[in-house]
Every structure is written in C-alpha cells, then in structure tokens.
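> Quick one, structure for this:
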Amino acid sequence: MGTLQFDSEDLGRTEDFLSRTYTKMRIGGTADCTRAQVSRDSVGSTSIDRLAFDYDMSHDATLPIGKICLGNVHSGTIVRQHAGGTEGSFGPGDVFLYAPHDRPYAGVIQRARYNLILLDPALLDQVATPLPGPEHVRLTGDRPVSRDAGRNLRRTIAYLRDHVFAEPELRDAPLLASTATQMLAASVLYAFPNNAITDATTEDRRDARPATLRRAIAFIEDRADSQISAADIAAAARVSQRALQYAFRHHLGTTPLGYLRQVRLAQAHRDLMAADYGTGVTVTGIAARWGFLHPGRFAADYRRAYGRSPRQSLFQSFPDQQG
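Presented below is the predicted three-dimensional model:
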C-alpha cells in the first residue's frame, strides 16, 4: 500500500520508469516539451495511477502487463492496439480496457491526461462465477456495455481515487481495503462484457439448503473482522457462488456480502458504544476498521438500523465531551 511519484522531461528516464512500473517497453516522442508526470495510489495489488504527457508519446510493450489495466481519459486522445490487432481510439470521458493481463500492447498517448487502473485478474473470480469448466472470469470486450455502465464505473473510480486510495487512514485499514478492491472488481464486471454467470442453475437451487446458509452465516460471523470475499464464503459453505447467492436471496432476502455488511455494521455499533474517549476514537476510524468506504452511506445505514447517528452513539459513550 502506498504512493509513487514521477516527473521528468527526459525520454530515457521516462522509458526506464514506465518499464519498471508497468512492463518492459520502448517509447518515443518529439516535442519542445517532453514532460511526463505519473503518480500512483495503491491498495494491496490494486492501484489507480494519474498520468499526464505533454507530448505525443508512442509506446510498444513487449511483454504482458500481468494485470487487468483500464484507461480513464480526462483530456487528449489515446490510440491503443493489443497483440492480435484489436485497435481503439479513446478521448475525454472514455473508460476502456487499456490492456488485458496476458497480451502485449502498443499505442500513442496524444497529449493526454488519464488514469490507469490496475487490478489482479483473480479479483474477478472473488466477486463472480465463471462459465462451467476450467475458465476464470474474464472480460470479453474492451468497451462498457452501455453509456450508463461506463458512467457508473467512472464514478466508482473517481470516488476510490479521491476518497479511499489517496487517504492513508482509509487505504491502510485492511477491511476497507478489501471492500474497496472488491467494489472496483464488481463495478468492472458490471460495466464490461464478460463470461460470468449470475443466474442460479437447478443444481444451485438444490444446494441452497438451510444447512448451506448455516455454514455460510457461521463463517461470516466468525470472520467478520477479516478480509473475506463471496468466493471465500461459498468455499466455506461448500457450494458454488451462484448457489450461495440464491440461498441468501431465497431465505434472507439479501446477498452474502449484504449479510456480511449487516454483521460489520453491528460490530461498528458495538465499538461506538464501547468507545473510550482517551483513545481518540472517531466515527470515521471505526467505520474504516469495519470496511465501510463511504462515511455518509455508513451514517445513513447506521441511522436506519439504530435510529440515531453514529456520532450520537459515540457521544453516548462519553457524555461529558458533548457540546
């Protein structure tokens, strides 16, 4: 977890930095100013980078990057080509698959400012179920399925970039970091065409028995303070993710991660009520500890569950400090 900064007008230094940060590549560019700026905020193996090139920079990566790499353009144009001939040109407002994890890529950055979002392909398996067989969940297209899907993904990226990944107190909280990366992976799958199956099969419905639910609930309640995914819960319940989703929806009217959120909300309530003023505890800190990304949403969920704000519960713990 952490940050990375780079700022140079030297093409050789820029090529070396990009090769070390992403994958081995050759770059080119001619202009009066060849300034390149890159900054990175990361949570675990997931990162959101800000890049700006004040010139037309060509690049040719000879090796795959090893991660799913998305682009989010703010200004300028990016022309991109994957190995195999898939080409694309992207401008302001576009979010797209910059490079698959397993193929080299090339292109030209035309005086652009943009984000690169890199995530481990295994994250997709944690939030969805692939087609039957040995395949993993993978993206099958390089553009969002609709304008609304792209807009929602851009909003998610912007929120995580500005309010989670850039804030040390938040990105260093293990549960919040796990929630953030899973949220990003789910948003990517919602936005891009992929090979994930979400509908329950006949076998999944048969597996969605009360015993399945009991095993899943026990696992969630025992490990609510740990980084767990829907895939982890399904493995503990010994069923597929589709069967797990169906069991929670059929018996409890929620999802496995929705139930996990309820358990964590209850734990946050417990911590607020037991807070010791001398320790400097805050509502934001407790929310982050239990994996709540958005303070406003946490406060709204808390009020619905407990009929008052988190701040009121915290002050009840040390009433002498009110006012």
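> C-alpha only now, for contacts and for neighbours.
Fine.
> tell me which residues of stretch 195-206 are tucked away?
195-196, 200, 204-205 (16 or more other C-alpha atoms under 10 Å).
> now stretch 101-120
For stretch 101-120, by 16+ other C-alpha under 10 Å, it's 101, 103-120.
> Then stretch 37-46?
37-38, 40-44, 46.
> Same check on stretch 263-283?
263-269, 271-273, 275, 283.
> need the contact list for Ser146.
By C-alpha atoms under 8 Å, 6 or more residues apart in numbering, Ser146 lies in contact with Ala191.
> pretty sure Ile286 is touching Ala266, no?
No - with contact defined as C-alpha atoms under 8 Å, Ile286 does not count as touching Ala266 (11.5 Å).
> element containing the residue most central in space within the chain?
Nearest residue to the geometric centre of the chain (C-alpha atoms, centre = their mean): Leu184, 2.4 Å. Using DSSP states H and E, Leu184 sits within helix 174-191.
> can I have that helix written out in CSV, keeping just the CAs?
Provided in CSV are the C-alpha atoms of helix 174-191 (Å, rounded to 0.1, in the frame of the first residue of the first chain):
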residue,chain,number,x,y,z
PRO,A,174,-7.5,-3.9,6.0
LEU,A,175,-11.2,-4.5,5.8
LEU,A,176,-11.8,-1.2,4.0
ALA,A,177,-9.0,-2.0,1.5
SER,A,178,-10.6,-5.4,0.8
THR,A,179,-14.0,-3.8,0.4
ALA,A,180,-12.6,-1.2,-2.0
THR,A,181,-10.9,-3.6,-4.3
GLN,A,182,-13.9,-6.0,-4.4
MET,A,183,-16.2,-3.0,-5.1
LEU,A,184,-13.9,-2.0,-8.0
ALA,A,185,-13.9,-5.5,-9.4
ALA,A,186,-17.7,-5.8,-9.2
SER,A,187,-18.0,-2.4,-10.9
VAL,A,188,-15.7,-3.5,-13.7
LEU,A,189,-17.8,-6.7,-14.3
TYR,A,190,-21.0,-4.6,-14.3
ALA,A,191,-19.5,-2.3,-16.9
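> gap between it and the chain center?
When distances are taken as C-alpha atoms, centre = their mean, to the nearest Å, helix 174-191 is centred 3 Å away from the chain's centroid.
> Quick check: the two most widely separated of the buried residues of stretch 37-46?
Pairwise distances across those (C-alpha to C-alpha) peak at 22.4 Å, for the pair Gln37 and Gly44.
> if we can go back for a sec, in the buried residues of stretch 263-283, find the pair that's most separated.
So, those by C-alpha to C-alpha: farthest apart are Val263 and Ala275, at 18.4 Å.
> circling back to that earlier point, heading toward the C-terminus, what's the first helix or strand past the helix holding Leu184?
Heading C-terminal from helix 174-191 (DSSP H and E), you reach strand 196-197.
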